[in-house]
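*Asks:* Okay, here's the prediction I keep looking at, along with the sequence it came from:
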Amino acid sequence: MAATPLDPDVLRRIEPFRHQVVAIGEPVDLGPTFGPLLDPFVLPVRHDGAPATLVNFVVTLDGAVRLSHDEPDSVAVARHSLHDWLLLGLLRALASTIVIGAEPLRVGRGAQTAARAAPGLAAEFGELRTAVGLGALHHVVVTASGDLPPDAGVWSEPSTVVTTAAGAERLRLPSTVEVVVDPLAAPDRVRTAFAHEVAQDRTPRRAGTGRPGLILCEPGPALLAELLRAEVVDELFLTLSPLIAGEAAGRLGLVGGPARVPLELRGLAVAGSHVFTRWAPEPNEA
């Protein structure tokens, strides 16, 4: 993952998000550092009291989330947008639990925290987490194969690996990492609904408020398709980057599998030529 120049001085110089459609939900006080750029900012609230589940992606106008084998980082897709970095960091800062696949750990090996998204704002993100009643970000890593680097920095954070029986035998991780085996997994696939249940169980209520925590998913295209089919996504944050990528070796599209899901627009903001959208999947009436 490429470094970002975001720090408090940079934040004072960039333009605020221009809201065109203001989302409805629980208002979040982002404080003096982030509030002037994003207010009003809300998070979805579920009627059943369970933690809401968000998915965050940046995509080109023709649907690519990875440009090629030579440009695998989402920074290239986002065209180094500081606003996209800021939104990524904020969603991580506001999440109790993050669900990821194995690829980010095999490539980047680090924890998927707000501070990693913008190291220059680590203190400010930490203050925001404390203000909203959150402790350390809990990582839930989904892997069927168990092919995970034992030296990844994420293992120093609260972590749970959800895997198959064969994957569990392959793992060579620190003893502090919780391993949960999906008892009904296919040999090459963890059930997405099961992994989501594990994430819900590891998502505590926010300290001092009693309100549900938040699950953030940063999946690959295949896992996104499964999350949508499992109907566990409450909102999809989709950044539209002003770029047409075309075909290239290693290009990846947004959804890697069948998933025909109607969406309802919940929010829309603009910063520069980037468009920041929020969508709620409509229930499957079949």
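*Replies:* Good, I have the coordinates.
*Asks:* Distance-wise, check residue 202 relative to residue 191.
*Replies:* Between residue 202 and residue 191 the computed distance is 17 Å (Cβ to Cβ, to the nearest Å). For the C-beta atoms, the positions are set from N, CA and C on the backbone; glycine is no exception.
*Asks:* Also residue 221?
*Replies:* 18 Å.
*Asks:* now do residue 94
*Replies:* 27 Å.
*Asks:* Between the two, which has more neighbouring residues?
*Replies:* residue 94 (22 against 18; other Cβ atoms under 10 Å).
*Asks:* Backbone dihedrals for the more buried one, please?
*Replies:* phi -90, psi 0 (degrees, to the nearest 10).
*Asks:* Enumerate every residue touching it.
*Replies:* For residue 94, the contact set (Cβ atoms under 8 Å, 6 or more residues apart in numbering) comprises 28, 43, 128, 129, 132, 134, 214, 216.
*Asks:* Equivalent analysis for residue 134, please.
*Replies:* 94, 95, 96, 206, 207, 213 are the contacts of residue 134 under Cβ under 8 Å, 6+ apart.
*Asks:* Neighbour-wise, give me the winner out of those.
*Replies:* Top of those by neighbour count (other Cβ under 10 Å): residue 95, with 29 neighbours.
*Asks:* So that one sits against residue 215, correct?
*Replies:* Yes. Under the criterion of Cβ atoms under 8 Å, residue 95 makes contact with residue 215 at 6.7 Å.
*Asks:* Now the common contact residues for those two.
*Replies:* Shared contacts of residue 95 and residue 215 (Cβ under 8 Å, 6+ apart): residue 54.
*Asks:* Give me the pLDDT for residue 108.
*Replies:* At residue 108, the pLDDT value in this model is 67.
*Asks:* actually residue 50, not the one I typed
*Replies:* 93.
*Asks:* so where's the stretch 101-250 of the chain shaky on pLDDT?
*Replies:* Scanning the stretch 101-250 of the chain for pLDDT under 70 picks out 108-109.
*Asks:* Let me see the ranges of the helices in it.
*Replies:* In the stretch 101-250 of the chain, the helices defined using DSSP state H, counting those that start in this stretch lie at 103-107, 114-117, 122-131, 165-170, 192-201, 221-229.
*Asks:* Counting by contacts, list what the shortest one packs against.
*Replies:* For helix 114-117, the contact count by 3 or more Cβ pairs under 8 Å, 6 or more residues apart in numbering; DSSP states H and E identifies helix 82-94, helix 122-131 as packing neighbours.
*Asks:* who wins for proximity to residue 229 among these?
*Replies:* helix 82-94 (22.5 Å; Cβ to Cβ).
*Asks:* Let me see the mean pLDDT of that closest one.
*Replies:* Mean predicted confidence for helix 82-94 is 96.
*Asks:* then it to CSV, C-alphas only?
*Replies:* C-alpha atoms of helix 82-94 as CSV (Å, rounded to 0.1, in the frame of the first residue of the first chain):
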residue,chain,number,x,y,z
LEU,A,82,-6.7,12.5,-0.7
HIS,A,83,-10.5,12.4,-0.1
ASP,A,84,-10.7,8.7,-0.8
TRP,A,85,-7.8,8.1,1.6
LEU,A,86,-9.6,10.2,4.2
LEU,A,87,-12.9,8.3,3.9
LEU,A,88,-11.0,5.0,4.1
GLY,A,89,-9.3,6.1,7.3
LEU,A,90,-12.5,7.4,8.8
LEU,A,91,-14.5,4.2,8.2
ARG,A,92,-11.7,2.2,9.7
ALA,A,93,-11.5,4.6,12.7
LEU,A,94,-15.3,4.2,13.3
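*Asks:* Residue 236 versus the residue nearest to residue 184 when sequence neighbours are not counted, what's the distance?
*Replies:* Counting by Cβ to Cβ, 6 or more residues apart in numbering, residue 191 is the residue found nearest to residue 184 once chain neighbours are left out, at 6.3 Å. To residue 236, residue 191 is 21 Å away according to Cβ to Cβ.
*Asks:* And for residue 80?
*Replies:* 23 Å.
*Asks:* And for residue 101?
*Replies:* From residue 101 to residue 236 the distance is 17 Å (Cβ to Cβ).
*Asks:* Show me which of the contacts of residue 94 is closest to residue 185.
*Replies:* residue 216 (23.2 Å).
*Asks:* Now do the closest one against residue 95, distance only.
*Replies:* Where residue 95 is concerned, residue 216 sits at a distance of 4 Å (Cβ to Cβ).
*Asks:* Perfect, that will be all.
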